[in-house]
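Trainee: With the input below, show me the fold.
(3 chains)
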Amino acid sequence: MALGLIRPVVSRLGQSALVLLAMSFVVYGLMGLMPGDPIDLMIAGDPRLTAADALRLKALYGLDRPWIERWLGWLTQALQGEFGYSRLYALPVAAAMLPAIANTALLMVSALTLSLAIAIPLGLWAARKPGSAADILVNLLAFASVSVPVFWLGLMLIVLFSVSLGWLPAGGLNTIGGPDSLGDRLAHLALPVSTLALAGLGQFARHMRAAMIVESGRDYIRTARAKGCSPVRVLLRHQLRNALLPVVTIVALEIGGLFSGALVTETVFAWPGMGRLIYASVMGNDFNLALSGLLLATAMTLVGSVLADLAYWQLDPRVRGR
Amino acid sequence: MKAPLSLLAGAALLLLLTAATLAGPLLLPDPEAMDLAVRLGPPSADHLLGTDELGRDVLARLVQGGRVSLAVAALTATLAALFGTAIGLLAGYVGGRIDSALMRLTDGVMALPLLPLLIVLAAADPVRLGIPPDLAASEPVAVARLAIIVACVSWTGVARLVRGSTLSVRARDHVRAAEALGAGPMRVMVRHILPDVASPVVVAATLSVGHVILIESALSFLGLGLRPPLASWGNMLTGAMDVVWTAPAMAIWPGAAIFITVLAFNLLGEGLQRRLAPSLCRR
Amino acid sequence: MRRSLAILSLILSLAVPIAAPARESLTIGLSQYPVTLNPLIESMLAKTYVLAFVHRPITAYDPSWTLVCLLCETLPTLENGLARIETLPGGKKGIAVTYALKADARWGDGTPVSSADVAFTWTVGRHPRSGVSNSELFNRITRVEILDARRFTLHFDRVTFDYNAINDLRLLPAHIERPRFEAAPESYRTQTAYEQDSTNPGLYNGPYRIAGLERGSHILLVRNPHWSGPRPGFDRIQIRTIENSAAMEAHLLSGGVDMIAGELGLPLEQALALEKRQGSRFTFITRPGLVYEHLDVNLSSPILADRRVRRALLAALDRDGLTRQLFDGRQPVAATMVPQLDWVFAEDVPAAKYDPAAASALLDEAGWRSGPGGIRVNAQGDKLALELLTTAGNRSRELVAQVIQAQWRKVGIDLKLRTEPPRVMFGDTVSQRKFPHLAMFAWYSAPESVPRSTLHSTLIPTAANNWAGQNYPGYASPKMDALLDAIEIETDRPRRKALWRDLQRLYAEDLPALPLYFRADPFILPKGMSGLSPTGHQDPSPYWVEQWRWD
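Mentor: Numbering: from 1, shown residues only, chains lettered A, B, ... in the order given. Modelled structure (predicted):
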């Protein structure tokens, strides 16, 4: 790769660091704005806890200091690579997050793959003849996919496949204590993955279709056809390659999602992923865990956008000239 | 689908929805009136879509919820479009350091994970920001609060769009001429550039309305959206999830209302896009 | 739309019973995941529930609300001589209570549960930086005297009637936890083996032990080979966390879980609807307990400071009708905060009757006359407008609040509803008495728990006392204070019962809070399972898991 690429990438990374810093400050401040801390809640739930208990616990968890002081403390530690303990799980932050990241990544990668596997052919099919019945059908499907509330879709799938037909489990990672077989895992993955894939395929199909239509009007396609290249070859070698660009960009931007998870879907299917972890940590005032989770997701989105640019650069020779 | 078709279909659907939400209160029973004797009742002459778990008329509540959901969505889309346009115009026209600072801000906000951030924002307490508790609990404030929260994270697309268009419009003759005649930067931006970049903004805003309705329902599902007794489609649907086994219709209606509205806005947006800003289709 | 509805109804009606679950294992659905497993750290129902299978306290209240020994041999009392009152150095009275641990009580690695564990647990509980949430009991104990490996005497600094209830003294295995604690007491809460090595069998002394867990998702329990009590009926118990109640029901219907815990399961109205449709597939048990749903009244509000208005509010509320129509009558209307199941319940303090006419008369008398638009006004022309605050996301409460609003409207009271997320409400609004008029929530307590923190005038939260106490109404009555002080130290049962009766009378007259009803938690079990008795109090049903059986 050209040396010219290094400078923009380095400067992008520098900016990303700034974004992360600002974000950690904002998140800390916003969490500080949430009323009541976990100790207050504990007392409300258990009348036997005394005021003395509350003061002791608050001091122990550092909740009696102003949030800006706590943020500075956190920052100093974080810069040394020390992200602290999760208050909720009493584990080092990394240990608390790792299984959730693995679960979320499994879910999101499968969903993305399935989504693309359906959306790309659909987009191609629709773009063959804009305005045809196939096109209208794909368009309607795409509109339906981007217009449906995810939790509603998820629950309807459970109603159908788990309860009425009894084919698939309604949620969870696997059968607890059962043999940890591939089939069991896949069965548990099926519904959440389908929910996410159905909700996501609309945008991919639409982008794919639009890009194919644009490309088909370009000169090089006509030239290639005129030269007598086979239509399939033109379609796959030239048109598809260029039309994939916008799709690749969106996929790269979704990388952050692998780490922030899909909260709503995870809740419906009792899937212990990053979405629920971040949600629980924000709600439980677990500053260390919430910040690390959110920052990781943001960092990965930023990395994703750098990757998107690189992919563009790789796939589209025209960008290299700039 | 041809442009006029989606435009017409979208506009017709929306007209119908708006007419229903406006005319509904005149024709339908009181959405708050409850009758515990007919909880989760089937459709009847009195209650066209049946009754909910407190014996209230589902249709009337649907209409009332629609008013709230549409208000939130429209307000959010407008706020996001205004904010995004202002940032985009400023960045594109002034350029230089301001441009690069504003665009870094945009990139930064774009990179933030949406839902977790909304959770943090929605969980923050307006009372701690000095808003009196009585006011903070009132209906218009609840609606505005949600709209502002969602707008805070959804203006970035418009900002980028407007900046891009501004960059190209800035070099055009009529802008140059206005500058030569001594028009101030504010006047140039508002009078000469804004009209040229307005169409894509309208398109983007229309498309985002549907998205906002979905976000509202997701937040309701997580218990962070608009809260009862204020009815919105999001919290009606969420409430219906608990009785989905007993009264599936309760989940069908708000689900369908959300679906149709989002669909209408998407159709309208796409239609407008082809009409007003065909160049956008080729992104 | 009509068609999709028809299809959906069809799908729902197709629901076929899934094959009966295997008998050697039981999967339980729970709506919350415990954040920690250490018995002393954090106070949370999900943890209490899960630990109940694997870890037993020395004493607990049984399903008939009697204090019993779980790990000890006999309950010490003043009558059997195991408890005796002693005079402390300063001249105050204290009490010395002697327990004997069961001879065959073992940790899951075979180590006997011993007096050394008691002494160690007390050390941890008293340590100011160990992170123990409830240190009250540990601070009351001034000394632990070890008599032998199984017998020990606790010396308390005061005499209370519940001197022998040491339910909160949940033992830690000294042979595992001592090195972890002594290395650094202030980081004990993260270094405890319950977090670092949760599947270590030596941490558990119940009929089961934790064999595996996936944080936020599920916990697997297997038999504890060293358990000496009756052999429990299942080889394995799986506890699955499902936070969303619609998804929870789906798991039950699809066979993903066999039973739903009543302690943390489905809302009652959802369970009732399920019972109507699937009553033949599952066993439903609802038992009202001591979870007291009520409206706290802010007595600092000039409107509500008038007792006649409070009485009118209660008389205008058809609580019987409400619980009959929304909850199928399963949640009994409360007269005071003492539930009918408690032995100190006073039969002759009746619940206020629904009487809108009397309510109107009381309001007229208090100066609130009918005004324009049907809303009452006082002499100054102020409207009778109140605000009711409740927790957001609790569907039952949201529904009840809307019913209350409609009922009060009929006697000319304009009620505004406001909901706040629990953390806002309990962390701030209620605990600092910022609610303008009324707040609906519930109190959990133990059997015969003295409502000192909610009714004593010294426990009204103020900025000056650092918001200590839960007397959110701001109720200050010398008579009540005297009763509370007297009950706590009265060890004679008949005399105590008389004091309790006076307390309930006073409460029903003064109405510092408007009683609604006692909550009933629905337990949903597979047909063919028996032996589970809901307790109705904070000690959960799995303390008696060894009685759960397939018929």
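Trainee: what helix or strand is the residue positioned nearest the centre of chain B on?
Mentor: Residue closest to the average C-alpha location in chain B (C-alpha atoms, centre = their mean): residue B:73, at 2.4 Å. Secondary structure from DSSP states H and E places residue B:73 in helix B:58-94.
Trainee: by contact count, what packs against that helix?
Mentor: Helix B:58-94 sits against helix B:3-27, helix B:96-111, helix B:139-154, helix B:156-170, helix B:194-221, helix B:233-242, helix B:248-276, with contacts defined as 3 or more C-beta pairs under 8 Å, 6 or more residues apart in numbering or on different chains; DSSP states H and E. (Glycine included, C-beta is placed from N, CA and C.)
Trainee: which of the ones you listed sits most buried?
Mentor: A comparison of the helices and strands packed on helix B:58-94 by mean neighbour count, using mean count of other C-beta atoms under 10 Å in any protein chain shown, puts helix B:233-242 on top with a mean of 26.
Trainee: tell me what that helix is packed against?
Mentor: helix A:150-157, helix B:58-94, helix B:194-221, helix B:248-276, helix C:245-253.
Trainee: List the residues that contact residue 122.
Mentor: The chain I'm using is chain A. A:138, A:141-142, A:201, A:205, A:208-209 (C-beta atoms under 8 Å, 6 or more residues apart in numbering or on different chains).
Trainee: Switch to chain C, please.
Mentor: C:138, C:141, C:144, C:169.
Trainee: Out of those, which comes closest to chain A?
Mentor: residue C:138 (10.5 Å; C-beta to the nearest C-beta).
Trainee: Just the element for that closest one, please.
Mentor: Going by DSSP H and E, residue C:138 is part of helix C:136-140.
Trainee: Can you tell me, leaving aside adjacent residues, what's nearest to residue B:268?
Mentor: With C-beta to C-beta, 6 or more residues apart in numbering or on different chains as the criterion, residue B:268 has its nearest non-adjacent residue at 3.1 Å, and that residue is residue B:10.
Trainee: From residue B:205, how far off is that neighbour?
Mentor: 14 Å (C-beta to C-beta, to the nearest Å).
Trainee: Just to check, residue C:35 is in contact with residue A:286?
Mentor: No - using C-beta atoms under 8 Å, residue C:35 makes no contact with residue A:286, being 9.0 Å away.
Trainee: Neighbour count: the two, which is higher?
Mentor: residue A:286 (25 against 22; other C-beta atoms under 10 Å in any protein chain shown).
Trainee: Tell me the backbone dihedrals of the more buried one, please.
Mentor: phi -90, psi 80 (degrees, to the nearest 10).
Trainee: That one against residue A:84, yeah?
Mentor: No - between residue A:286 and residue A:84 there is no contact under C-beta under 8 Å: 10.1 Å.
Trainee: who touches whichever strand or helix holds residue C:154?
Mentor: Residue C:154 is located in strand C:151-156, with elements delineated by DSSP H and E. Contacts to strand C:151-156, defined as C-beta under 8 Å, 6+ apart, come from residues C:86, C:94-101, C:115, C:118-119, C:140-147, C:163, C:166.
Trainee: So which of those belong to strands?
Mentor: When DSSP state E defines the strands, the subset of these inside them is C:86, C:94-100, C:141-146.
Trainee: could I get these as JSON lines with distance to residue C:57, neighbour count and pLDDT?
Mentor: JSON lines is the format used below for the ones in strands among the contacts of strand C:151-156 (distance: C-beta to C-beta, whole Å; neighbours: other C-beta atoms under 10 Å in any protein chain shown; pLDDT from 0 to 100):
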{"residue": "C:86", "distance to residue C:57": "25", "neighbour count": "11", "pLDDT": "92"}
{"residue": "C:94", "distance to residue C:57": "23", "neighbour count": "19", "pLDDT": "93"}
{"residue": "C:95", "distance to residue C:57": "20", "neighbour count": "22", "pLDDT": "94"}
{"residue": "C:96", "distance to residue C:57": "20", "neighbour count": "18", "pLDDT": "95"}
{"residue": "C:97", "distance to residue C:57": "15", "neighbour count": "20", "pLDDT": "95"}
{"residue": "C:98", "distance to residue C:57": "17", "neighbour count": "17", "pLDDT": "95"}
{"residue": "C:99", "distance to residue C:57": "12", "neighbour count": "26", "pLDDT": "96"}
{"residue": "C:100", "distance to residue C:57": "16", "neighbour count": "18", "pLDDT": "95"}
{"residue": "C:141", "distance to residue C:57": "15", "neighbour count": "18", "pLDDT": "93"}
{"residue": "C:142", "distance to residue C:57": "21", "neighbour count": "15", "pLDDT": "92"}
{"residue": "C:143", "distance to residue C:57": "21", "neighbour count": "13", "pLDDT": "92"}
{"residue": "C:144", "distance to residue C:57": "16", "neighbour count": "19", "pLDDT": "94"}
{"residue": "C:145", "distance to residue C:57": "20", "neighbour count": "13", "pLDDT": "94"}
{"residue": "C:146", "distance to residue C:57": "19", "neighbour count": "14", "pLDDT": "95"}
